[in-house]
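Novice: Below is the sequence, then the predicted model.
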Amino acid sequence: MTGKLGRIVRFGLVGVLNTGVYYGLYLLFKLVLPYMAAHIAAFVLAMVGSYFMNCFFTFRTKPSWRSFLLFPLSNATNFAVTTAGLYVLVTWFAVNQRIAPLLAAAVAVPFTFIIAQLVLTGRSKPVAPPIREEERTS
């Protein structure tokens, strides 16, 4: 799948996998840490994995130190929304600490895609896939 739809689908697949990684780490860390510390530790580790999955699979770009250091910007909104959402859901609405992170994370996905695309490709809109040499001569 190529083009904008392909990127969105790939981003969604990476997001699902990354959410699973985050959630598994969150549950593991929660065994020894308070829920908010477990959330932060799991989020940071999952973000590193997300960077590489998004470089290689979603946006098909070469990783660089520059984009690696800028990538957390794409997760700043995600982090703020999920952290605030986690707190609100657990503290104000007594949502189970095992379920709340999943609910809070769902809200931030569109914002994360737009910023990740900008950071990793340098464009706010996806570009068309490059034209292969054999397609030019046809």
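Specialist: Nice, thanks for sending it over.
Novice: The lengthiest helix in the chain - contacts with which helices or strands?
Specialist: The residue-count maximum for a helix in the chain (DSSP state H) belongs to helix 3-30. When contacts are defined as 3 or more CB pairs under 8 Å, 6 or more residues apart in numbering; DSSP states H and E, helix 3-30 packs onto helix 35-53, helix 100-106, helix 109-121. (C-beta placed from N, C-alpha, C; glycine too.)
Novice: could these be laid out in TSV, adding mean neighbour count, mean pLDDT and distance to A84?
Specialist: Below are those laid out as TSV (neighbours: other CB atoms under 10 Å; pLDDT from 0 to 100; distance: least, CB to CB, whole Å):
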stretch	mean neighbour count	mean pLDDT	distance to A84
helix 35-53	18	94	11
helix 100-106	19	85	8
helix 109-121	19	83	13
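Novice: how about these in JSON lines, adding distance to G6?
Specialist: Below are the helices and strands packed on helix 3-30 laid out as JSON lines (distance: least, CB to CB, whole Å):
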{"stretch": "helix 35-53", "distance to G6": "15"}
{"stretch": "helix 100-106", "distance to G6": "22"}
{"stretch": "helix 109-121", "distance to G6": "12"}
